[in-house]
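quick one, structure for this:
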Amino acid sequence: MAKFIIEHLEPEVYPWCVLEYAHISKRVGKTNLIFTNVTKGAMKLKNLGEIKKESVKSLKLKRACILDPSAVKTLTPEIAKRFDYFIFGGILGDNPQRFRTKKELSSKLSFPKFNLGTKQMSTDTAVIVCKKIVDGLDLNKLEFVEEYFVDEGKGLERILPYRYLVEAGEAVFTPGLRKLLKKQSRIL
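Next up, the predicted model:
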């Protein structure tokens, strides 16, 4: 069974991290999810998967690969069969991209690197897409929206410039994140 590793690369476990990580846990199963590099806020993740304080860089993994949008090769079901561990950077993306996965993971680990397309995705979207590929679906058979709009009320909306998977005609969006974003917009 494939294991999905999230190398937490933010200074703390923010509320949006908990929501995305809970979504990942629900989709892949907590026994298949490992959080690494979690030094603060580990208790927030205790029911979501295995938690390690150390970085993935210090683990002695075999049959592992890194998912990085800047990688040259795209992950396919055939390639995925060669790996047991799929490593992701747990980061809030930037627009324009700063290529943090490449800087903080890919450049420091010798594992093979693959993309899930060149567009930036939320961490939960990337893991869900990877799981679908591991389960045998080709990336080009999946449907996506290239940005997501969050209605903040009073005629305002926030545009999230990331690629989101579409299932049953709807974008797959992190449960609870709309509410969190609306709450944050009232604070700002």
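
show me what the longest helix along the chain is packed up against.
Scanning the chain for the helix with the most residues, using DSSP state H, yields helix 15-28. Here helix 15-28 touches strand 3-8, strand 33-36, strand 85-90, helix 123-134, helix 177-187, going by 3 or more Cβ pairs under 8 Å, 6 or more residues apart in numbering; DSSP states H and E. Where you see a C-beta, it was placed from the backbone N, CA and C, and this is true even at glycine.

now do the buried residues in it.
Of the residues in helix 15-28, those buried by neighbour count under the rule 16 or more other Cβ atoms under 10 Å are 16-25, 27-28.

can you state the direction angle for it and helix 123-134?
Inter-element angle recorded for helix 15-28 and helix 123-134: 20 degrees (by axes from the mean of the first three to the mean of the last three Cα atoms, to 10 degrees).

quick one: mean pLDDT for helix 15-28?
In this model, helix 15-28 has a mean pLDDT of 97.

quick one: residues in contact with it.
2, 4, 6, 8, 10, 33, 35, 44-45, 47-49, 90, 92, 122-124, 127-128, 131, 174-177, 180 (Cβ atoms under 8 Å, 6 or more residues apart in numbering).

swap in 7 Å and give it another go.
Taking contacts as Cβ atoms under 7 Å, 6 or more residues apart in numbering, the residues outside helix 15-28 that touch it are 4, 6, 10, 33, 35, 44-45, 48-49, 90, 92, 122-124, 127-128, 131, 174-177, 180.

stretch 131-148 too?
Under the criterion Cβ under 7 Å, 6+ apart, residues 2, 27-28, 74-77, 80, 116-117, 119, 129, 159-166, 171, 173 lie in contact with stretch 131-148.

thanks a lot, see you next time.
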